[in-house]
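>>> pasting the structure only:
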């Protein structure tokens, strides 16, 4: 990404968005991992395999941390979008009150995936 086309305000906005979204993912993942047996039971009620439940739970924590750091953002954001697409799919029957937040996160992650991490990030030569 050529950061010269983005102003300072855009880079700060990307940093704030990454910190908020990544932090929300880390928190959600931590809540799932803290009660992993309850999480597995909840996901099992939605016919989600326990291995996928573990991947999502631990993945949310790790991917959230990487997104906050701005490390490998163009790879991380689409992976997180997959998680959010699954969340929308499994919560759709509950109506807009249930799937609205995952849908908003999906769109925000799509914007981050397109824009990249911005200027304020951990430097890496791969997919920032």
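That came in fine, so what should we check first? Every value quoted in this text rests on a predicted model; they were computed, and no experiment measured them.
>>> residues contacting residue 65?
Listed by C-beta atoms under 8 Å, 6 or more residues apart in numbering, the contact set of residue 65 reads 22, 26. Quick note: C-beta positions are derived from backbone N, CA and C, even for glycine.
>>> Can you give me the distance of residue 96 to residue 65?
For residue 96, the distance to residue 65 (C-beta to C-beta, to the nearest Å) stands at 30 Å.
>>> Could you do residue 102 as well?
Distance, residue 102 to residue 65, using C-beta to C-beta: 20 Å.
>>> helix or strand for the most centrally placed residue in the chain, which one?
Closest to where the C-alpha atoms of the chain average out (C-alpha atoms, centre = their mean) is residue 80, at 4.0 Å. In this structure, residue 80 sits in helix 73-91 according to DSSP states H and E.
>>> Just list what that helix packs against, helices and strands only.
Here helix 73-91 is seen to pack against helix 50-69, helix 96-115 when contacts are counted using 3 or more C-beta pairs under 8 Å, 6 or more residues apart in numbering; DSSP states H and E.
>>> just the ones you listed: most buried one?
Comparing the helices and strands packed on helix 73-91 by mean neighbour count (mean count of other C-beta atoms under 10 Å), helix 50-69 comes out on top with a mean of 18.
>>> So in the chain, which helix runs the longest?
Ranked by residue count, the top helix of the chain under DSSP state H comes out as helix 8-34.
>>> per-residue confidence averaged over that one?
Averaged over helix 8-34, pLDDT sits at 95.
>>> repeat for stretch 70-81
95.
>>> How far does that stretch sit from its chain's centre?
The chain centroid and the centroid of stretch 70-81 are separated by 8 Å under C-alpha atoms, centre = their mean, to the nearest Å.
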